[in-house]
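**Q** model this:
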Amino acid sequence: MLTVDYDRLDLGPGMTVLDLGCGEGRHAFEAFRRGASVVAVDWGRQEVETTKRRLGAIAAAGEAPEGARFEVVRGDLTALPFPDASVDRVIASEVLEHIPDDATAFAEIARVLRPGGRVAVTVPRYGPERICWALSGEYHANEGGHIRIYRGDVLRTRLATAGLIPGGSHHAHGLHAPFWWLKCAVGVERDTAAVRAYHRLLVWDLMKRPALTRAAERLLDPVIGKSLVVYADKPAVPRPMAGATWQERDAAAP
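**A** Numbering: from 1, shown residues only. As a prediction, the model looks like this:
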């Protein structure tokens, strides 16, 4: 289940892609299958091992083109172990809402991106997420849980403050918002018949991609899509320094 649109990310074979907060690797897998050199990063040891094992299985099955590479590392998103301007694309999907010092995480994303590079950031959408918080404290108030809800304008401001240029955006996973509202209403840990039935629907949609649910999600995404996705670019050349003299701007130019 992908949240990022790889066409909007403009991902091509041979590009170096950093998947931050990779979880169990869903975005890393797709980038690898598209011929990228993927570096997947997560703080969780289990997530790192799972992603590494599954990427290895994709490689062994011949599902990635020749030249595609992968690496999986354990790392802190506020202190990435990569050089400046070293990657072509960054994916940060459903992770920044977990990080107390998100300003530093945004700055790190900008630092490792090459000039002209692009990042896709996805976070829980404000409206559907606010409903989840209202229905259940258990949903977010736990170790490693969500510590903030981003409004779209705030997310764009964070990207711009880090020196990136926010661009297009969209919403995703409209079918998933009602599932989480149901979970929060009955108890996040409760396994009721209604929860099981809705989960079966989501699994069916994921595995079979039937026309009915695909059409329903396209209609629901703009209204209640659970995730907000924003794409942003790193300027190809440094911006003029605000308040600088022409001599200072010339000295800073490449």
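**Q** now do stretch 100-117: distance to the chain's middle.
**A** Here stretch 100-117 shows a centroid-to-chain-centroid distance of 13 Å under the convention Cα atoms, centre = their mean, to the nearest Å.
**Q** buried stuff in that stretch?
**A** Under the neighbour-count criterion of 16 or more other Cβ atoms under 10 Å, stretch 100-117 has 102, 105-114, 117 buried. To be clear about C-beta, it is placed using only N, CA and C from the backbone, and glycine gets the same treatment.
**Q** give me the mean pLDDT for it.
**A** Confidence for stretch 100-117, expressed as mean pLDDT, is 98.
**Q** got it, and stretch 208-228?
**A** The model assigns stretch 208-228 a mean pLDDT of 97.
**Q** now do the buried residues in that stretch.
**A** 213, 217, 220-221, 224-228.
**Q** how about stretch 61-68?
**A** For stretch 61-68, by 16+ other Cβ under 10 Å, it's 64, 68.
**Q** try stretch 42-49
**A** Buried, per 16+ other Cβ under 10 Å, within stretch 42-49: 42, 47-48.
**Q** for the closest residue to residue 228 other than its chain neighbours, give me its contacts.
**A** Closest residue to residue 228 apart from its sequence neighbours, by Cβ to Cβ, 6 or more residues apart in numbering: residue 125 at 4.5 Å. Shown in contact with residue 125 (Cβ atoms under 8 Å, 6 or more residues apart in numbering): 171, 177, 225-228.
**Q** including secondary structure and distance to residue 25, could these go into a markdown table?
**A** Listed next are the contacts of residue 125 as a markdown table, based on DSSP: H, G, I helix; E, B strand; the rest coil; distance: Cβ to Cβ, whole Å:
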| residue | secondary structure | distance to residue 25 |
| --- | --- | --- |
| 171 | strand | 23 |
| 177 | helix | 24 |
| 225 | coil | 23 |
| 226 | coil | 20 |
| 227 | strand | 17 |
| 228 | strand | 22 |
